[in-house]
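> Quick one, fold the following:
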Amino acid sequence: MTSPAAALRTAVDRDTGVAVLTLDRPERHNAIDVRTAEELAAAWRRFRFDDTVRAVVVTGAGEKAFCTGIDRDADVPQPPSPYTIDDPLIAIGPKANDLWKPVIAAVNGMACGGAFYLIGEAEFVVADEHATFFDPHTTYGMVSAYETIHLAQRMPFGEVARMALMGTAERVSARRAYETGLVSELTPPGGSPAAAVRAAEIIASYPTEAVQGTVRAVWSAKEAARAQALAHAPHLIALGNLPPDRQAKLFAERSRRGGDFRTR
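Here you go, the predicted model:
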């Protein structure tokens, strides 16, 4: 029996100390299923113990998408209690796995929904000029909780609220994301991974103890508020999400119509 191909590609340059994690499901717009989530968590944990890795770039395969969040075909059984949810994306980010080496996200297309778990736990974001950002949760009867909490660490309140509430009707351009602070550098199409690697190589060349200490210092500025907000997220989701069958119906109807949106 042939094992399925890995959903995550890992490349480590031992000379520069930079690792590149690539979500490798371009046929699914790099959406994350349960297996991909497990591979991501395992990769971050490996990097904690690998002294040859001093900085990490995370990106997506292909030109269309960085990541489009949870794969709609993923089977995630939920406990019957209204007080708990099993979130398959809860541990896909570096901070959730206690990795405090610097991480740069290279966004090379669409980034939406659960992609913000990864973007939200990166130190900064480099994006192609054609990249777009949006949050489809409310359109399909789901609460955007973890996503908005992560984004609120980086963007003005009104911009986060607008993205979350507009759902699939509006996509934020890379230029607008740069103007509002979500993105720190814009690149020509296809240029974000190389630009992110260049920045990572510089950072990795510095003493790693000082770099990791600086990462912790930056995050400590907002960590208390972030942790408190994240603690509320599962309850808000459990209370506000439509039942899965109603979500699926909304998704199917939207897919048939093709979905109209505008970019700003």
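> just checking, what packs against the strand or helix carrying residue 186?
Assessed by DSSP states H and E, residue 186 sits inside strand 185-187. With contacts defined as 3 or more Cβ pairs under 8 Å, 6 or more residues apart in numbering; DSSP states H and E, the packing partners of strand 185-187 are strand 124-128, helix 174-179, helix 192-204. Heads up, the C-betas are built off the backbone N, CA and C, glycines and all.
> in whichever helix or strand comes after the last one, what's buried?
So the one you mean is helix 192-204. The helix or strand immediately downstream of helix 192-204 is helix 208-220, counting by DSSP H and E. Neighbour-count burial for helix 208-220 flags 208, 211, 215 (criterion: 16 or more other Cβ atoms under 10 Å).
> just stretch 247-256 next, same as before
247, 251, 254.
> Which ones among these map onto helices?
The helices, defined by DSSP state H, take in 247, 251, 254 from the buried residues of stretch 247-256.
> surely the second one meets residue 140?
Right, residue 251. Yes - here residue 251 reaches residue 140: they are 5.2 Å apart, a contact under Cβ atoms under 8 Å.
> got a list of what residue 193 touches?
20, 57, 59, 106, 108 (Cβ atoms under 8 Å, 6 or more residues apart in numbering).
> and the gap between it and residue 55?
Going from residue 193 to residue 55 by Cβ to Cβ, to the nearest Å gives 14 Å.
> Residue 262 now?
The gap separating residue 262 from residue 55 is 36 Å, by Cβ to Cβ.
> Neighbour count: the two, which is higher?
For residue 262 versus residue 55, neighbours defined as other Cβ atoms under 10 Å are more numerous around residue 55 (26 against 8).
> Now do the phi/psi pair for the more buried one.
Residue 55 adopts backbone torsions of phi -160, psi 150, taken as degrees, to the nearest 10.
> and the angle for the lengthiest helix in the chain with helix 208-220?
Selection of the longest helix in the chain by residue count, based on DSSP H, yields helix 223-240. Computed by axes from the mean of the first three to the mean of the last three Cα atoms, to 10 degrees, the angle separating helix 223-240 from helix 208-220 equals 60 degrees.
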